[in-house]
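Undergrad: dropping the sequence and predicted coords here.
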Amino acid sequence: MTSKGFTENTNKIKTSSDFKVNEKPLNSNKISSSRVDINVLKSKLEAEQGKEFRKNIFIFSFCVLLLGSVGIFLSL
């Protein structure tokens, strides 16, 4: 009698041992450890804070002007 199991019908799959990776690595940017001048960072921060301060002053003055004009309009 013949056995009808899967053990006799096994096919050996040969794989290539010279597997080459053709894909690029995920992080291709090299991190450089260059020094940063603290004065440059400080000046950038001060410039950014200056812009934000001017914007806040503009918004505040606009609200005060609007509130004053509404007060004058309602008092008449």
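TA: Perfect, thanks for sending it.
Undergrad: okay, CA-based contacts and neighbour counts for the rest of this
TA: Fine.
Undergrad: show me the shaky parts of this protein.
TA: Counting by pLDDT under 70, the chain contains low-confidence residues at 1-33.
Undergrad: just the helices in it please.
TA: The residue ranges that make up the helices of the chain, judged by DSSP state H, are 38-75.
Undergrad: quick one, phi/psi of residue 35?
TA: In this entry, residue 35 is assigned phi and psi values of phi -80, psi 150 (degrees, to the nearest 10).
Undergrad: could you check how many residues crowd around it?
TA: Taking other Cα atoms under 10 Å as the neighbour definition, residue 35 ends up with a count of 6.
Undergrad: who's in contact with it?
TA: Neighbouring residues of residue 35 by Cα atoms under 8 Å, 6 or more residues apart in numbering: there are none.
Undergrad: now it: how far from residue 47?
TA: 21 Å (Cα to Cα, to the nearest Å).
Undergrad: what of residue 39?
TA: Spatial separation of residue 39 from residue 47 under the definition Cα to Cα is 12 Å.
Undergrad: okay, those two: which has more neighbours?
TA: Between residue 39 and residue 47, counted using other Cα under 10 Å, residue 47 has the larger neighbour count: 12 against 9.
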